[in-house]
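> just the structure for this:
(4 chains)
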Protein chains: 2
Amino acid sequence: MPPVAEGDNRRASPTTRRAGARRAGAVYTPRVAVDVVLFAFHEATLKAFLVEPAGGPGGGCWAFPGGLMRVGETLDQAARRELRASTGLRDAYLEQLFTFGDPTRDPAGHVVSVVYLALTAAAEVAGAACAKYRQGRWYGVSELPRLAYDHERVAQVALERLRGKLEYTNVACNLLPDGFTFAELERLYAAVLGRKLDRRNFRRRLMASGLLRRLPATRRGRHRPAALYAFSERTPRVIALL
Amino acid sequence: MPPVAEGDNRRASPTTRRAGARRAGAVYTPRVAVDVVLFAFHEATLKAFLVEPAGGPGGGCWAFPGGLMRVGETLDQAARRELRASTGLRDAYLEQLFTFGDPTRDPAGHVVSVVYLALTAAAEVAGAACAKYRQGRWYGVSELPRLAYDHERVAQVALERLRGKLEYTNVACNLLPDGFTFAELERLYAAVLGRKLDRRNFRRRLMASGLLRRLPATRRGRHRPAALYAFSERTPRVIALL
DNA sequence: CCAAAAGTGTTGAGTATACACCCATGA
DNA sequence: TCATGGGTGTATACTCAACACTTTTGG
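Purely as a prediction, here's the structure:
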């Protein structure tokens, strides 16, 4: 396999990359956007936050919130900015998910989109009012409407990632507020993973993980009161759970 | 947490994103580059391919090959193009790794870099001659020189990903040519993971995985001949191995 | 007292790990 | 014949999955 000198090489070397900085905009490269897939667990269902782009040719389509990145900010900052602009949320778990760059994904031009996965325990707060879009609302992940751009695929990738991470990390702590019952935690896992879990085995393992802290209070309802728990820390941790 | 209308919103909505397409270059967004971290297993060592950017202010620093993305191509295409331009390799395993977007990562301007992980079994071929850079060569991953940009971090992330994937996928098939011995395969795993493996247990598990196909030939050396194997398929597969 | 959800242990099967000796060859 | 790396099996500890009844409360 002999080395091949391609016409390709002219503009793309690191040297050119740097020289090009002086004439920003003159270099013919796609633009960068950041999109955010925000999940919350609410009413025993995993929900995703969608916005309806104001008047865009999305034609009544929904999409995950996002927008162009700016020069001088980090990707994380851009994601946090977009999250806040579309939902009002100031804090949420954020993790880079994947970058989509197909030139046809946005019919109006080549935009590379760095997609973030976001989790919140405050579903009611988010999207109560949305300054940036015509409207924003929560959809159960199994009842998503038609999505614009390549966001069907984005949704799929985000869900896969969340499912994977539930089993071997403590991400779940970002989907529940302090003071949840074991039953709620189990319903969260069952809803996201799409399968039933054995109550006793589930409880044993999460207890053994040491991630949970028992609160003094109990939740009282129509039936036997349930002990309340909180995650003892919310720093991301890799740990086999299931 | 009341919704906050930020000055942020003006330019970043999907609407603006599309409208902006007509005046490409006028929108103030970082440029997009694709970098490729190519690994090979050679002489019982995991090696990475580095290039010395021609005359750039890298100042004798090495870096992973890469360059600006072009409008109209996919990320995968860009990665394949860069790989070929810097190493001559036409085919290699390629997987998107992570996107780095810190505005200070390239001192000459804000460039968002989508980094790909690449694997090849043809270490000798790659970089035999390199059209695009002053020079390109292999470095053992434990003896990397100082790297330009944020490529120290990039190297770290790439290695972590490779380590992780060795244990639960068949990626290793992309690092060995057909006709390897079990000892070679085990050395590959030991070198990448940085720990010794039990020969019998290792062999049992890989046999049980069904990923390997025994070749009729044997490798003859100074000692007892060793049976040769190949991976029965190279399509990516998720499977617990260790 | 009844309905509904909370809480609790054991057993059997399968899997993971640790470990040591013989084999085939070229020099 | 010897040095070198190739090749093989078993016993034990542990981990995982399946499984059902009692408790507590509100209505």
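
> rest of the way, CA atoms for contacts and neighbours
OK.

> near DNA strand D, which residues of chain A show up?
By CA under 7 Å from any atom of the strand, the residues of chain A that approach DNA strand D are A:198-201, A:220-225, A:242.

> any low-confidence regions in chain A?
Low-confidence segments of chain A, defined by pLDDT under 70: A:1-27, A:54-59, A:127-131, A:134.

> all strands of it, in order?
A:31-42, A:45-52, A:66-68, A:93-100, A:111-120, A:135-140, A:212-219, A:226-231 (DSSP state E).

> picking that back up, which of the residues of chain A next to DNA strand D sits closest to chain B?
A:L242 (14.7 Å; CA to the nearest CA).

> wait, that closest one sits on A:R205?
Yes. Contact criterion CA atoms under 8 Å: A:L242 and A:R205 qualify, at 7.4 Å.

> need the longest helix for chain A.
helix A:151-168 (DSSP state H).

> which strands or helices does it pack on?
strand A:93-100, helix A:182-193 (3 or more CA pairs under 8 Å, 6 or more residues apart in numbering or on different chains; DSSP states H and E).

> in space, what's closest to A:R220 - neighbours in sequence excluded?
Among residues not flanking A:R220 along the chain, A:A226 sits closest, at 6.8 Å (CA to CA, 6 or more residues apart in numbering or on different chains).

> mind checking which of the helices and strands packed on helix A:151-168 is nearest DNA strand C?
Nearest of those to DNA strand C, taken as CA to the nearest atom of the strand: helix A:182-193 at 4.6 Å.

> and DNA strand C, is the closest one touching that?
Yes. Judged by CA under 7 Å from any atom of the strand, helix A:182-193 and DNA strand C are in contact via A:182-184.

> pull out the buried positions in that helix.
Along helix A:182-193, these residues count as buried under the neighbour rule (16 or more other CA atoms under 10 Å in any protein chain shown): A:182, A:185-193.

> out of those residues, who's nearest chain B?
Using CA to the nearest CA, the buried residues of helix A:182-193 come closest to chain B at A:L193, 17.8 Å.

> which of the helices and strands packed on helix A:151-168 sits closest to A:G140?
Closest to A:G140 of these is helix A:182-193 (CA to CA; 10.5 Å).

> that closest one to strand A:31-42, inter-axis angle?
140 degrees (axes from the mean of the first three to the mean of the last three CA atoms, to 10 degrees).

> what sits up against helix A:182-193?
Helix A:182-193 has contacts (CA atoms under 8 Å, 6 or more residues apart in numbering or on different chains) with A:41, A:44-46, A:162-163, A:166, A:176, A:196-197, A:199, A:202-203, A:226-229.

> cool, stretch A:213-233 as well?
With CA under 8 Å, 6+ apart, stretch A:213-233 has contacts from A:173, A:177-182, A:211-212.

> quick one: which of those has the most company?
Neighbour counts for the contacts of stretch A:213-233, by other CA atoms under 10 Å in any protein chain shown, peak at A:C173, which reaches 24 neighbours.

> if we can go back for a sec, drop anything exposed from the contacts of helix A:182-193.
A:41, A:45-46, A:162-163, A:166, A:176, A:202-203, A:227-229.

> which of those residues sits closest to DNA strand C?
Closest to DNA strand C, out of all of those and judged by CA to the nearest atom of the strand, is A:A227, at 3.7 Å.

> what's A:L119 in contact with, if anything?
A:38-40, A:92-94, A:174-175.

> distance check, it against DNA strand D.
26 Å (CA to the nearest atom of the strand, to the nearest Å).

> need the phi and psi values for A:G88.
Main-chain dihedrals, A:G88, degrees, to the nearest 10: phi 90, psi -10.

> surely it touches A:A126?
Yes. Taking contacts as CA under 8 Å, A:G88 lies within contact range of A:A126: 6.1 Å.

> tell me the residues of chain A that contact DNA strand C?
Checking chain A against DNA strand C by CA under 7 Å from any atom of the strand, the hits are A:181-184, A:199-201, A:203, A:223-227.

> go again using 10 Å as the cut-off
On the criterion CA under 10 Å from any atom of the strand, DNA strand C has as its neighbours in chain A the residues A:180-187, A:198-204, A:207, A:214, A:218-229.
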